[in-house]
Each structure stands twice: as C-alpha cells, then as structure tokens.
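Engineer: Here's a sequence, model it:
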Amino acid sequence: MKRWLKLAAGAAALTLATAGCAGSGGSDTAASSSGNAPLSGTVTVWLMTGSAPATLTDALNKEFEAAHPGVKVKYEVQQWDGIQQKLTTALASGAPPDVIEIGNTQTAAFASQDGVLTDLTAEKDSFNGSQWLKGLADSGTYDGKVYGVPFYAANREVIYRKDMFEQAGIAKPPASNDEWIDAIGKLKTKFGSDPDFQALYMPGQNWYALLSFIWDNGGDIAKADGKNYKATLDTPEAKAGLEFYKKLVDTSGTKAPKDADEAKPQQATVYGAGKVAMMIGLPWELATAAKTDPSLTDKTAAFAIPGKTAGQSAPVFLGGSNLAIPANSKNVAAAKEYVKLLSSPKYQSQLAAAGVVPGTSTDLTGLDKDPLGSVMAKASANGKAVPASPKWGDVESGQNPVKDMLTAYLTGKKTLDQATADANAALNKLIGG
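Structural biologist: Down below sits the predicted model:
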C-alpha cells in the first residue's frame, strides 16, 4: 500500500467499518478502453451539489447506459462540506467511486500522492483536449502529468448599477484602472450626499480580486520552485497590485469591513439594499441581491475587471472543478468513457447554458443570453488558478496569510513592506517545502 494510503487508512478505518466501502463495489469488470470487448459492471460517479443541473446528468447517464448496455451508472451528488475527508476515506478504500469531481484548488493535493489518481496524460485528446480552458487545465496538471480533466469554471467581474452610472454621466463601463477610478469619483459626486452610499463595495479580504491586480501588474502569489513553491508577495509587481487594491478601497470610501471577505456580510445582500453602485462578484450574486429588490435584475449589468492598460482587462481567478479517476477504480475503462462523454461539446454546451464556463469547450454561446454570464465567459479566457501546490488547501482552510496581509495594510497596522514580507514568510511555511 502506498505511503499516502497508509496515512489515510488510519483516519478512514472507523468510517469504512461502520458505513461500508464507498464506490463501485461488487463484481464490476471493464475491458481495456482500446479493446473491442464491451464494457460491463457499474460506474460510480460522484459530482458535487450545484455543479450540473439534473436535466444534464439525467440525459448523460441515460445516453451512457444506452451506448454501453453492460454498464450501469450509480450517480451520487456530494456536498462540499466535508468532501475533503470523504474523498480521502473513499480513495483509501478498496472500492472508491470511479469518477470524482475535485475542486481545482484541491486537485494537486491528491495528484501529488503516488497511486491515488489515474494518469490521464495519454488520453487527453479523447477528452476534447484541444479546447481545454487553460487556467483550469493548469490546476489539473501536476509534475507534467494530467490527473484532472477540466469540468467547469467561474470568475469574478464588476457588477454595477446601470441607472446610477447613467445618472452620474458615465457613458460606458470603465476599460482601464484610471477610468475605473474616474467613474468612482463621478458616482461619489452624484450620490455622495447620501451617507449610506458606496460607489464600490470592497471588503478588505477579497483576496481573489487582489489576485487580479497582482497578475495584472506582472506579479504572482507564488512561483514554482522545483516541486515546491516559493512565495512572491514581496516582489515589486505584487506590491503594485496591493497598492491598487488600497487605492480602490480609499477612493471609494467603502463601508465594507477591512477584516472580513465578501461573505461576511454577504455582499450581494448589501448590494440588494440599493445603496451600492458596484461590487466585484460572480454573476449569480445578482439573483441573491434581487431577492431584496427584484428591480435590480433589469438595472444591473457587468464589465470585466479593468487592467492598468486601457482596453485590456485584468486576469481573473478561475474557481471551478476537475474530473478525475481514482487509480484503484474497479472500472477505469468505463470511467474514461464516462468522462469522455461529459467532456463532449453536447454536454459542455449544456453547462454553459446553466451559467458556468465549460472546461473542455471553447463554445461559450450558451452564456450569451445572460448579460452577466457573457462578460464572465469572455474574461475567462484570461483566467488563472492559484499555485498548483499540494499544500494549497492549508492556505485556504487555515489562517490565510493573504487575508491577514490585506487587513494589516488597509488598516495601517503594517506598512506595505512589512505586510508583504510577513505574508511571504507565512505563505512559505505553508507551501514552500
């Protein structure tokens, strides 16, 4: 048994003993995907809640079973809460699921462990590899090998009130940082007499937005250093991104907390109260805001996060998921055929129609009908992921050094140099070796 499986087995033993082994189980068999023998057995698929609409998965499973009469699909929807441990337990068992969805920031942690995920490098082309979304594809690649097939992605944009822009004399959405700052000034001139007005709602720890500014200035949060990563938050380029973040906060006069992110409070709820002209968020946050004020649906539009160069939007962080096949799956051949079908244009177009950016298709027309989704789709081409470090989960699940850096700098508790140096040191302890 591989080292990682030995470590996981201890934590998983009690769960497996009481709940039984998760996954395909039974007498599943599978022919080689390159052979002529028909597939047979059961292919167990774990997708996450909210990832794909039931209409898509119902049709997909029906088509797959019709194409492979000897195979049954056991489809199970999983919850994000607790999924890391559940996957660890399942992958350490002798009968894991055959197809799993993994968050793109989690993929490297599993891919880095010998014998846990199937190497799919040779099959990339069969999964529509020529059309993979690059930023998502990078997160599924570890040590030069492909372990995750892009599933879907989403990215942030600037969501704004069209009516407020018009009243403030802003003829078109900002296309550069300078135009963005100018628009904030015009909004404050028009509506600033209202003490509750915010030209831009900008919480102090929206670090995904910070990534856009760091990348736009040529910096990064960390760089590969062999198989490890070296933090680079103390570089001039990264500091320039942080300085622009502070400029937005200071110029807008936002009332958002400097020691919390966009979820505390939910920024969509704040936007829904009607006193905010802009927020940096995901397209579906508008639906949350519209629960408070339905008229916002028609009053709202979006533009890509501007860059420092006019007409060039900033790179965006791509959140999303990859599809993977456990190395000890009992039905690898069938699992590959399932992922192949899910990666096909037919089902990727349905993902786009559902409001997300497809991972293995460049056809984004399904998002055209949504004014916010279409902006997200266009910006996704310039998308990037966080460092593909196996230890990245420790950054997001623990005391995130990037969030601490933002709060310290924005509140004046630390200078720019102090804040970035301390964050760099803390990040290196987590992912540096």
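Engineer: Low-confidence stretches in this protein?
Structural biologist: By pLDDT under 70, the weakly predicted segments of the chain are 1-37, 433.
Engineer: Check it and tell me which residue is nearest its centre.
Structural biologist: residue 319 (0.9 Å; C-alpha atoms, centre = their mean).
Engineer: mind checking how far that one is from residue 80?
Structural biologist: Separation of residue 319 from residue 80 (C-beta to C-beta, to the nearest Å): 12 Å. Glycine gets a C-beta too; all of them are placed from N, C-alpha and C.
Engineer: Kindly report the same for residue 301.
Structural biologist: 30 Å.
Engineer: okay, those two: which has more neighbours?
Structural biologist: Applying other C-beta atoms under 10 Å to residue 301 and residue 80 shows that residue 301 carries more neighbours, namely 17 against 11.
Engineer: Ramachandran angles for the closest residue to residue 180 other than its chain neighbours?
Structural biologist: Nearest residue to residue 180, sequence neighbours excluded (C-beta to C-beta, 6 or more residues apart in numbering): residue 174, at 4.0 Å. As for residue 174, its main-chain torsions (degrees, to the nearest 10) stand at phi -60, psi 140.
Engineer: What of residue 384?
Structural biologist: Here residue 384 shows phi and psi, under degrees, to the nearest 10, equal to phi -140, psi 170.
Engineer: That one: what's it in contact with?
Structural biologist: 135, 138, 211, 215, 315-318 (C-beta atoms under 8 Å, 6 or more residues apart in numbering).
Engineer: From residue 349, how far off is it?
Structural biologist: 24 Å.
Engineer: pretty sure residue 366 is in a strand, no?
Structural biologist: No. Secondary structure of residue 366 (DSSP: H, G, I helix; E, B strand; the rest coil): helix, not part of a strand.
Engineer: these two touch, right, residue 108 and residue 142?
Structural biologist: Yes. Look at residue 108 against residue 142 with C-beta atoms under 8 Å: they come within range, at 5.4 Å.
Engineer: Report the set of residues contacting both of these two.
Structural biologist: Shared contacts of residue 108 and residue 142 (C-beta under 8 Å, 6+ apart): 388, 390.
Engineer: Counting neighbours, go ahead and name the busier of these two.
Structural biologist: In this view residue 108 and residue 142 are compared by other C-beta under 10 Å, and residue 108 has more residues nearby, 26 against 23.
Engineer: Next, the buried residues of stretch 167-181.
Structural biologist: Going by neighbour count (16 or more other C-beta atoms under 10 Å), the buried part of stretch 167-181 is 168, 170, 173-177, 180-181.
Engineer: Now find how far off-centre that stretch is within its chain.
Structural biologist: What separates the centre of stretch 167-181 from the centre of its chain is 28 Å, taken as C-alpha atoms, centre = their mean, to the nearest Å.
Engineer: Now for the residue lying closest to residue 142 once chain neighbours are set aside: which residues touch it?
Structural biologist: Computed as C-beta to C-beta, 6+ apart, the closest residue to residue 142 that is not its neighbour in sequence is residue 111, at 3.8 Å. Going by C-beta under 8 Å, 6+ apart, residue 111 touches 117, 140, 142-143, 145, 147-148, 324, 390.
Engineer: can you give me phi and psi for residue 111?
Structural biologist: phi -70, psi -30.
Engineer: Also residue 141?
Structural biologist: Torsion angles, degrees, to the nearest 10, at residue 141: phi -110, psi 130.
Engineer: ok, now how distant is it from residue 104?
Structural biologist: Taken as C-beta to C-beta, the span from residue 141 to residue 104 is 11 Å.
Engineer: Next: residue 54.
Structural biologist: Residue 54 is 23 Å from residue 104, by C-beta to C-beta.
Engineer: In terms of neighbours, single out the busier of the two.
Structural biologist: residue 104 (27 against 9).
Engineer: Any figure for the gap between the more buried one and residue 321?
Structural biologist: Counting by C-beta to C-beta, the gap from residue 104 to residue 321 is 6 Å.
Engineer: mind listing the strands for the stretch 1-150 of the chain?
Structural biologist: 41-48, 71-78, 99-103, 141-142, 145-146, 149-154 (DSSP state E, counting those that start in this stretch).
Engineer: Much appreciated, bye for now.
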